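Asker: Here is my input; please provide its structure:
(2 chains)
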Amino acid sequence: MEQVIANGLYLGAQYALIALGLTLIFALMNVLNFAHGQMYVLGGFITYTVYGQLGLPFVVALLASGATLAVIGALMEKFLFRTVIRRSHREESTMLLAAATAFFFDAVILLLFGEKQRGVPKIVKGVFNDAGIIMPYDRLVVGALAIVFIAAFVLYMQYSRVGRAMRALAQDRVAAQLMGVRVDRYSMIGFAMGAMLAGVVGGLLVTITGVNSGIGGPISIKAFLMVMIGGAGVVGGAIAGGLILGMMESVGLTVLREYGDVTYLVIFAALMVFLSIRPNGLMGKPWG
Amino acid sequence: MINRRSTLKSMALGAVSTLAIAAVGISYAQAENKELKIGFVGVTSGPAAAWGTSNVRSMQTRAAWINETGGVKIGNDTYNVNIVTFDDQKDPKRAIAGMEKMAQEGVHYVVGPNVDDGAAAVRPVAEANGIIYFPYAFPKALYQKPASNAVLGMIANYQSGPAIYKYLKENKGVKKIAFVAANESDPLSQRDGGVEAAKALGLEIVAQNDTYQNDTRDFTPVLTPIVALKPDLLVLSGVAPANAPLLIRAARELGYEGLISTETAQDAKVLEEGAGEYANGFISVGGASTPEIASDTMKEFVTRYTKMFGEYNDESNTKVYALEYILDTLKANPAAINDVAEFKKTMDTFSAPNPFLKGDAKLGYVGTTSFGQKRQLSVPMVVNEYKDGAFQTLFVGSVD
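Answerer: The predicted structure is shown next:
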């Protein structure tokens, strides 16, 4: 059972990290970014290229993934989402735009990086094996980094000037504007940060799970699941959602293994019941 | 007055004229060739893109090679091969649309689809429109009477599985076996076939119900309970190339020391990058490119593929055959070019040299034992073992 709990905690930390960027963009702009998974994939491929192919240090690769995705996110916000939000009063317009960018990224990534699964050398070798728990050291490193990133992100949002401005935007866009917050600027920064998070996580996890051009969609769906559990637009909700999903998956795959692939069936059924009781998720209001 | 400058000018003009005449001549010769359309309906986008991409690229490489060397002579006519492609996105509805497109374009021979449900879905369209298709899907109903238009393009798992388990039982002392499969029709049916084969061999099955979502990225939770059962052989039924290295790595990191195998084709580079030395000893089904058996033609195919697409995919070792079979069968009976009934007649007696293997290997249609009629390409059942970035041939079998 120790192993199952350890698996769940690791998986949860990984999932929480994936969901953070998505929830940030949703909180700031009310945009369900369907291209979040594709951004993650792109980040993974950039790290694969810089670290795996060019042989540069892993940190450089991670920075390259984050920086590239931040620029892409900023451009997307400035030239696509800002325009659509300004011109359209229908919320589904941004959803359609997000879906279109997801398909676009899928095609571009397939074209640039091919159809194969890619992987990079392990950043740390060896396996921890003690007290009934087996955990490769690279997972421990990634798990620790996930905690550091999440903590840094929460602190940044809580105490920095940019973070405060973004929280104000998320709480009440009009009021924030009236108080002198530059809505366009902070929306762009927020979108860039969300995209950057996706890129960094993609780069981080390529060392564990590799990357291929087709996983963007499934990653997005899993991120949506976590956000739905935790509550859309709430950082704490994304973290809680990730941990809950990771633990449910780990326990389900062990306890229910004799019944075939019913783990996700149970998860989805539980989610339906849960959402009918708490439609806003565990912490469902922006930035509480 | 003739000076150096005018001489160079004349030479340059002469060279350009010669090239122009040659180019016109070549294009005229190519224009004289008729066009032979061969279809491809398979998955080239989304999570399973690797299945179809290696497939269609094999066809495109071979077609470009044939066209470059003057086309293919069938009867009294010479044809340039034109590959008409359709991405079915692994969706049976789109596979049907793809097959209908092939019918509208007058295509009679189609390679694909790549998965079970797509192959089953296109059957009525293919049969109604006189199309012979070559799926990479294993359900026997596709190839048994009354079905007659589908020809299995590779070795099925219920053919390779028993051979692999028998070999490992006799040579590696395997007694306990565990199966894990993605929760999709192809892997699940392959797992069921594998379980039957293992039972028939008297192996103890310690796990057979464990499954995973095909988009799983971390397999540690999936494999934790299986590894605890300590099987001698872990079978990754119908595993996608993208998932194989992740499963292998997770199993080894959890301390699994037994053998790991699959009945699907894999790519050495993907295994190397994703699992590194953990993949050593991994057993899979290959095709024709291991150095022990590859002919010069196969080596040139690999070179041309690499040149055309930047990187070879070892999955193409099993997918290089279908187009070759179509063209060679048409050569054997030119009347089949627009008449699939003639093609079917020829299948019963067809034989031609296998250009991709060393020695005197033959191309021919098989499947009588499995399907009761010749509805399978005879391709070598090459069982490979991965070792330090490359496949080595473990043994070669055959299907009748």
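Asker: in terms of contact, does B:Ile260 touch B:Ile283 like I think?
Answerer: Yes. Between B:Ile260 and B:Ile283 there is a contact at 7.2 Å, judged by C-beta atoms under 8 Å. Any C-beta I mention is one placed from the backbone N, CA and C, and that applies to glycine too.
Asker: Low-confidence stretches in the chain?
Answerer: If you meant another chain, say so; for now it's chain A. When residues are selected by pLDDT under 70, those of chain A lie in A:285-288.
Asker: Wait, chain B was what I had in mind.
Answerer: In chain B, residues with pLDDT under 70: B:1-31, B:47, B:288-289.
Asker: which one's the longest strand in it?
Answerer: Longest strand in chain B by number of residues (criterion: DSSP state E): strand B:77-87.
Asker: Quick check: neighbours of that one in the sheet, parallel or antiparallel?
Answerer: Using DSSP bridges, the strands paired with strand B:77-87 in its sheet are strand B:34-42 (parallel), strand B:72-74 (antiparallel).
Asker: Point out the most buried one among those.
Answerer: Ranked by mean neighbour count, the strands paired with strand B:77-87 are led by strand B:34-42 with a mean of 23 (mean count of other C-beta atoms under 10 Å in any protein chain shown).
Asker: CA atoms only for that strand, dumped as CSV, please.
Answerer: This file holds the C-alpha atoms of strand B:34-42, laid out as CSV (Å, rounded to 0.1, in the frame of the first residue of the first chain):
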residue,chain,number,x,y,z
LYS,B,34,-0.1,5.7,-67.5
GLU,B,35,-1.1,6.4,-63.9
LEU,B,36,-1.8,3.6,-61.5
LYS,B,37,-3.6,4.8,-58.4
ILE,B,38,-3.1,2.9,-55.2
GLY,B,39,-4.9,4.0,-52.1
PHE,B,40,-4.0,4.4,-48.5
VAL,B,41,-6.7,4.8,-45.8
GLY,B,42,-5.1,4.9,-42.3
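Asker: closest to B:Val110 out of the strands paired with strand B:77-87?
Answerer: B:Val110 lies closest, by C-beta to C-beta, to one member of the strands paired with strand B:77-87: strand B:34-42, at 3.6 Å.
Asker: Run the chain-centre distance for the closest one.
Answerer: Distance of strand B:34-42 from its chain centroid, counting by C-alpha atoms, centre = their mean, to the nearest Å, is 17 Å.
Asker: try stretch A:86-93
Answerer: Counting by C-alpha atoms, centre = their mean, stretch A:86-93 comes out at 24 Å from the chain centroid.
Asker: And for stretch B:245-261?
Answerer: For stretch B:245-261, the separation from the chain centroid amounts to 26 Å (computed by C-alpha atoms, centre = their mean).
Asker: now do the same end-to-end measure for it.
Answerer: 12 Å (C-alpha to C-alpha, to the nearest Å).
Asker: Quick check: B:Glu273 touching A:Val120?
Answerer: Yes. With contact defined as C-beta under 8 Å, B:Glu273 counts as touching A:Val120 (7.1 Å).
Asker: what's the neighbour count on B:Gly81?
Answerer: One correction, residue B:81 is Val, not Gly. 22 (other C-beta atoms under 10 Å in any protein chain shown).
Asker: Same check on A:Gly8?
Answerer: 23.
Asker: For it, give me its contacts.
Answerer: Contacts for A:Gly8 were tallied using C-beta atoms under 8 Å, 6 or more residues apart in numbering or on different chains; they are A:243, A:246-251, B:221.
Asker: repeat that for 10 Å
Answerer: Contacts were defined as C-beta atoms under 10 Å, 6 or more residues apart in numbering or on different chains; by that measure A:Gly8 touches A:243-254, B:221.
Asker: Name the SS class of it, please.
Answerer: Taking DSSP: H, G, I helix; E, B strand; the rest coil as the rule, one finds A:Gly8 in the helix state.
Asker: same check, this time on B:Ile177
Answerer: Assigned state for B:Ile177: strand (three-state reduction, three-state DSSP).
Asker: Which residues of the stretch 251-400 of chain B lie near chain A?
Answerer: B:252-255, B:267, B:269-276, B:309-311, B:313, B:315 (C-beta under 10 Å from any C-beta of the partner chain).
Asker: Give me the neighbour count for the closest residue to A:Ile221 other than its chain neighbours.
Answerer: Spatially, and ignoring its direct neighbours in sequence, A:Ile221 is nearest to A:Gly37 (7.6 Å; C-beta to C-beta, 6 or more residues apart in numbering or on different chains). Here the number of neighbours of A:Gly37 (other C-beta under 10 Å) works out to 27.
Asker: Surely A:Gly37 is in a helix?
Answerer: Yes. Under three-state DSSP, A:Gly37 sits within a helix.
Asker: got the contact list for it?
Answerer: A:18, A:22, A:102, A:105-106, A:198, A:202, A:215-224, B:215.
Asker: now A:Leu205
Answerer: A:14, A:17-18, A:40, A:43-44, A:47, A:142, A:146, A:211, A:219, B:217-218.
Asker: quick revisit: narrow the contacts of A:Gly8 to those in strands?
Answerer: Going by DSSP E, the strands hold none of those.
Asker: Report the backbone C-alpha coordinates of the helix or strand where B:Gly161 lies in PDB.
Answerer: According to DSSP states H and E, B:Gly161 maps onto helix B:157-172. Extracted in PDB, the C-alpha atoms of helix B:157-172 (Å, rounded to 0.1, in the frame of the first residue of the first chain):
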ATOM      1  CA  ASN B 157      -0.800 -11.900 -33.100                       C
ATOM      2  CA  TYR B 158      -2.500 -15.300 -32.900                       C
ATOM      3  CA  GLN B 159       0.100 -16.500 -35.300                       C
ATOM      4  CA  SER B 160       3.200 -14.900 -33.800                       C
ATOM      5  CA  GLY B 161       2.200 -15.100 -30.100                       C
ATOM      6  CA  PRO B 162       2.200 -18.900 -29.900                       C
ATOM      7  CA  ALA B 163       5.500 -19.100 -31.700                       C
ATOM      8  CA  ILE B 164       7.100 -16.500 -29.300                       C
ATOM      9  CA  TYR B 165       5.800 -18.100 -26.100                       C
ATOM     10  CA  LYS B 166       6.800 -21.600 -27.300                       C
ATOM     11  CA  TYR B 167      10.300 -20.300 -28.000                       C
ATOM     12  CA  LEU B 168      10.600 -18.600 -24.700                       C
ATOM     13  CA  LYS B 169       9.200 -21.600 -22.800                       C
ATOM     14  CA  GLU B 170      11.600 -24.000 -24.400                       C
ATOM     15  CA  ASN B 171      14.700 -21.700 -24.500                       C
ATOM     16  CA  LYS B 172      14.300 -19.300 -21.600                       C
END
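Asker: Show me what that helix is packed against.
Answerer: When contacts are defined as 3 or more C-beta pairs under 10 Å, 6 or more residues apart in numbering or on different chains; DSSP states H and E, helix B:157-172 sits against strand B:176-182, helix B:185-200, strand B:233-237, strand B:259-261, strand B:283-286, helix B:368-371, strand B:381-387, strand B:390-397.
Asker: now that helix, how far from the centre of its chain.
Answerer: 21 Å.
Asker: where do the helices sit along the stretch 51-200 of chain A?
Answerer: Here the stretch 51-200 of chain A has its helices, by DSSP state H, counting those that start in this stretch, at A:58-76, A:82-87, A:92-113, A:137-159, A:161-171, A:173-178, A:183-209.
Asker: next one: the stretch 251-400 of chain B
Answerer: Per DSSP H, counting those that start in this stretch, the stretch 251-400 of chain B carries helices over the ranges B:268-275, B:296-309, B:316-319, B:321-332, B:340-347, B:368-371.
Asker: Name all residues that make contact with B:Val340.
Answerer: Applying C-beta under 10 Å, 6+ apart, we find B:Val340 in contact with B:108-109, B:126-127, B:129-132, B:148-149.
Asker: can you tell me how far it sits from A:Phe103?
Answerer: 36 Å (C-beta to C-beta, to the nearest Å).
Asker: returning to what we had before: so for the helix holding B:Gly161, what gets flagged as buried?
Answerer: For helix B:157-172, the neighbour count (16 or more other C-beta atoms under 10 Å in any protein chain shown) marks B:157-169 as buried.
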